[in-house]
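Asker: missing the sequence, but the structure's below:
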């Protein structure tokens, strides 16, 4: 400080520093604002110069505001033989998208069908903004795309429509998917490793069963699942067609019943107003009542419930039953032959009309082709037990077959007779339901049968008791309360023809025909002791 000058007050110095700091902040804020405004004005200029404006974007929520007359093409109908038209419309899921420079390659998926699409920036055509928009659409979104089908010089192996691609002209989002998916469709569709594959050849990313079932809506979108449930629908269709050719009538039976239809404890109890009722373990009693009501041949398709705490690869607490019942003339083998021929019709129909679906499943889950004989192989139970004895298995002649012994017998039959399907006849009476007719020559056995695919039971059936006195005796022997099934027993008091039938598990048939390892793969929304959702 110079002597003689007035000193600057400290307060004034601090004030000037604060003012300078404030001015600096305001200047920075102003410059940012100017930059934002400049950016906005640039975007507006870019938007004005967007040559694809009006050809892409997100559509408003469809509330059926209008109805268009445009024709939407299925992906599987696209190919080199597609009629030459200026352009086509496709509605599909965006399976993948990959931006590369001024181009964007996409794959559109529709069920099991896929086709590659391409967008390329061009003067007066596709704009950069459109390419950027499409490349940022989340996978699995549903989109409407207009484009022209063009042949490709080299087959696109990753798509089902490998000889063409879609040159996109318009791209609209119909339903936007969440950007993060709980599972990737490509991971869920990855093939199972084949024995002998080296670790380098096998991608290890896979989706476990619980993750699949917890996110079933996504899991169902894989090509394999699309194929599995088409095969399953085919089993139902062929079942109906075969029986209707044989003059069967479809009926519908109650699923809430007054008493356990099979006896035993594996039944769900439900509250029924002031009483208790049960979920049907089988439509058995009602099929028989229909026969007594002079419907000579009947079948039904519907849910069956089993309260079995079985956490195995082949058990469900609710499954779809394919059941049939028929009157016969003189011998229950008339029924056995009808059912055997029914299965032959189903297997032949699947083989001849569902090869595309079967091959799709086999690509992810390799399996040996299902084999069968026409007419089917029929063995007596005692003969099957003898084959097991010869293979070193210790079991009584009247013991029921355990699951391991069923599988072993299936392998033995396959090796000896070269068939994956066979019938085992004349089961021990002690292991069958109360309404099973005893064998007239040996009361320890019965006029009953099971049918097997790949060593696992898929049908259980028998000649039914149609005499009310014998039926009452057998019900008492099994501990069934006859008062609760009085209507069933009484239905045979007024005359009933001899009859028999069987019940088939739809999911199990589909699983075993396709050679799958778990029934949850063939139940769209499976129910087991540990799963009640989704």
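Answerer: Noted; the coordinates are in hand. Small disclaimer: the values here were computed from a predicted structure and weren't measured.

Asker: Give me the neighbour count for residue 300.
Answerer: 20 (other Cβ atoms under 10 Å). The C-beta positions use only the backbone N, C-alpha and C, and glycine is treated the same way.

Asker: and if you look at residue 125?
Answerer: Residue 125: 14 surrounding residues under other Cβ under 10 Å.

Asker: now the closest residue to it other than its chain neighbours: how far from residue 211?
Answerer: Nearest in space to residue 125, with sequence neighbours left out and distances taken as Cβ to Cβ, 6 or more residues apart in numbering, is residue 51 at 6.8 Å. Computed as Cβ to Cβ, to the nearest Å, the residue 51 to residue 211 distance reads 44 Å.

Asker: How about residue 128?
Answerer: From residue 128 to residue 211 the distance is 38 Å (Cβ to Cβ).

Asker: residue contacts, residue 213?
Answerer: For residue 213, the contacting residues are 219, 520, 526, 531, 534, by Cβ atoms under 8 Å, 6 or more residues apart in numbering.

Asker: actually residue 351, sorry about that
Answerer: Residue 351 neighbours (Cβ under 8 Å, 6+ apart): 358, 370.

Asker: did I read that right, it in a strand?
Answerer: No - assessed with DSSP: H, G, I helix; E, B strand; the rest coil, residue 351 is helix; it does not lie in a strand.

Asker: Now do the SS call for the residue nearest to residue 125.
Answerer: From three-state DSSP, the assignment for residue 51 is coil.

Asker: Poorly predicted segments of the stretch 101-250 of the chain, please.
Answerer: Counting by pLDDT under 70, the stretch 101-250 of the chain has low-confidence residues at 195-203.

Asker: returning to that earlier point: quick check: the farthest pair among the contacts of residue 213?
Answerer: 219 and 531 (13.8 Å; Cβ to Cβ).

Asker: more neighbours, the two?
Answerer: Counted by other Cβ under 10 Å, residue 219 and residue 531 do not tie: residue 219 has more neighbours, with 21 against 17.

Asker: got the contact list for the more buried one?
Answerer: 183, 188, 207, 212-213, 225.

Asker: Apply 7 Å and report the result again.
Answerer: Contacts for residue 219 (Cβ atoms under 7 Å, 6 or more residues apart in numbering) come out as 183, 188, 212, 225.

Asker: The closest residue to the third one other than its chain neighbours and residue 96: what is the separation?
Answerer: On the basis of Cβ to Cβ, 6+ apart, the spatially nearest residue to residue 212 that is not a chain neighbour turns out to be residue 219, at 4.2 Å. Using Cβ to Cβ, one obtains 18 Å as the distance from residue 219 to residue 96.

Asker: What helix or strand is residue 414 located in?
Answerer: Counting by DSSP states H and E, the element that carries residue 414 is helix 403-417.

Asker: Identify each buried residue in that helix, please.
Answerer: Of all the residues in helix 403-417, those buried under the rule 16 or more other Cβ atoms under 10 Å are 405-406, 408-410, 412-414.

Asker: And stretch 144-158, by the same measure?
Answerer: So for stretch 144-158, counting by 16+ other Cβ under 10 Å, buried means 144-147, 149, 156.

Asker: Pipe those residues into TSV and attach secondary structure per row.
Answerer: Output for the buried residues of stretch 144-158, formatted as TSV (three-state DSSP):
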residue	secondary structure
144	strand
145	strand
146	strand
147	strand
149	strand
156	coil
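
Asker: just checking, what packs against the helix or strand harbouring residue 289?
Answerer: Following DSSP H and E, one finds residue 289 within helix 284-292. Helix 284-292 sits against strand 297-305, strand 318-327, strand 499-505, with contacts defined as 3 or more Cβ pairs under 7 Å, 6 or more residues apart in numbering; DSSP states H and E.

Asker: can you give me the helices in the protein?
Answerer: Counting by DSSP state H, the chain has helices at residues 10-48, 128-135, 185-188, 209-214, 216-219, 223-245, 284-292, 333-353, 355-364, 381-390, 403-417, 468-477, 486-490, 506-514.

Asker: out of the ones you listed, deepest packed?
Answerer: helix 506-514 (a mean of 25; mean count of other Cβ atoms under 10 Å).

Asker: which residues sit against it?
Answerer: So helix 506-514 is in contact with 228, 231-232, 235-236, 314, 316, 319-320, 322, 350, 358, 361, 367, 370, 453-454, 456, 458, 519, 521-523, going by Cβ under 7 Å, 6+ apart.

Asker: In this structure residue 375 contacts residue 339, no?
Answerer: No - between residue 375 and residue 339 there is no contact under Cβ atoms under 7 Å: 11.5 Å.

Asker: so residue 114 touches residue 160, yeah?
Answerer: Yes - Residue 114 lies in contact with residue 160 (Cβ under 7 Å); the separation is 5.1 Å.

Asker: how much space between the residue nearest to residue 125 and residue 99?
Answerer: Here the criterion is Cβ to Cβ. By it, residue 51 lies 18 Å from residue 99.

Asker: mind checking pLDDT for residue 86?
Answerer: pLDDT, residue 86: 82.

Asker: Excluding chain neighbours, give the residue nearest to it in space.
Answerer: Spatial nearest neighbour of residue 86, chain neighbours left out: residue 148 (7.0 Å); criterion: Cβ to Cβ, 6+ apart.

Asker: Next up, the contacts around that neighbour.
Answerer: Taking Cβ under 7 Å, 6+ apart, one finds 87, 167, 169 in contact with residue 148.

Asker: Quick one, which of those residues are buried?
Answerer: By neighbour count, with 16+ other Cβ under 10 Å, those hold 167, 169 as buried.

Asker: Please convert the contacts of residue 148 to JSON lines, extending it with distance to residue 433.
Answerer: Compiled in JSON lines, the contacts of residue 148 are given as follows (distance: Cβ to Cβ, whole Å):
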{"residue": "87", "distance to residue 433": "63"}
{"residue": "167", "distance to residue 433": "64"}
{"residue": "169", "distance to residue 433": "65"}
